[in-house]
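Student: Curious how this folds, go ahead:
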Amino acid sequence: MQAPPPPETLKIKTLQVACDGSGDISPALGHPRVFLRIDPEVGFVECGYCDRRFVLEGGVADSQAA
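Tutor: Numbers count the residues shown, from 1 in each chain. You can find the predicted model right below:
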């Protein structure tokens, strides 16, 4: 059984990212800011609060990677 897709996927160019759950909404309505690090062998990381997925551009999880 395959896991359901994450609520939102963002492509990024760095191995580190901060997530506060904001985006189209005010940061005050999000969640506490967390700092996440992508394992290059996995190619993505998901936020434990909002399930937003951050994919490393050109990494193994990037569907556009050759």
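
Student: For stretch 42-51, give the mean pLDDT please.
Tutor: For stretch 42-51, mean pLDDT rounds to 94.

Student: how about low-confidence regions in the chain?
Tutor: In the predicted model, the chain carries pLDDT under 70 at residues 6, 64-66.

Student: what about the strands in this protein?
Tutor: 9-12, 16-19, 34-37, 44-46, 53-56 (DSSP state E).

Student: Figure out which of those strands is closest to P27.
Tutor: strand 16-19 (10.7 Å; C-beta to C-beta). C-beta: built from backbone N, CA, C; applies to glycine.

Student: so how far is G23 from C50?
Tutor: Distance, C50 to G23, using C-beta to C-beta, to the nearest Å: 9 Å.

Student: Which residue ranges of the protein form helices?
Tutor: Per DSSP state H, the chain carries no helices over any range.

Student: Centroid-nearest residue for it?
Tutor: With distances taken as C-alpha atoms, centre = their mean, F54 lies nearest the centre of the chain, 2.0 Å away.

Student: Pick the most buried one from the strands of the chain.
Tutor: Most buried of the strands of the chain, by mean neighbour count (mean count of other C-beta atoms under 10 Å): strand 53-56, with a mean of 22.

Student: who does it touch, helix- and strand-wise?
Tutor: strand 9-12, strand 44-46 (3 or more C-beta pairs under 8 Å, 6 or more residues apart in numbering; DSSP states H and E).

Student: mind putting those strands in JSON lines, distance to C19 included?
Tutor: Below are these laid out as JSON lines (distance: least, C-beta to C-beta, whole Å):
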{"stretch": "strand 9-12", "distance to C19": "9"}
{"stretch": "strand 44-46", "distance to C19": "9"}
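
Student: Select, out of those strands, the one closest to G30.
Tutor: strand 9-12 (14.2 Å).

Student: so what secondary structure elements neighbour that closest one?
Tutor: strand 53-56.

Student: Just the C-alphas of the strand it packs on, formatted as CSV.
Tutor: Output of strand 53-56 as CSV, limited to C-alpha atoms (Å, rounded to 0.1, in the frame of the first residue of the first chain):
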residue,chain,number,x,y,z
ARG,A,53,7.2,18.1,1.8
PHE,A,54,10.5,19.8,0.8
VAL,A,55,12.2,18.1,-2.2
LEU,A,56,15.8,18.9,-3.1
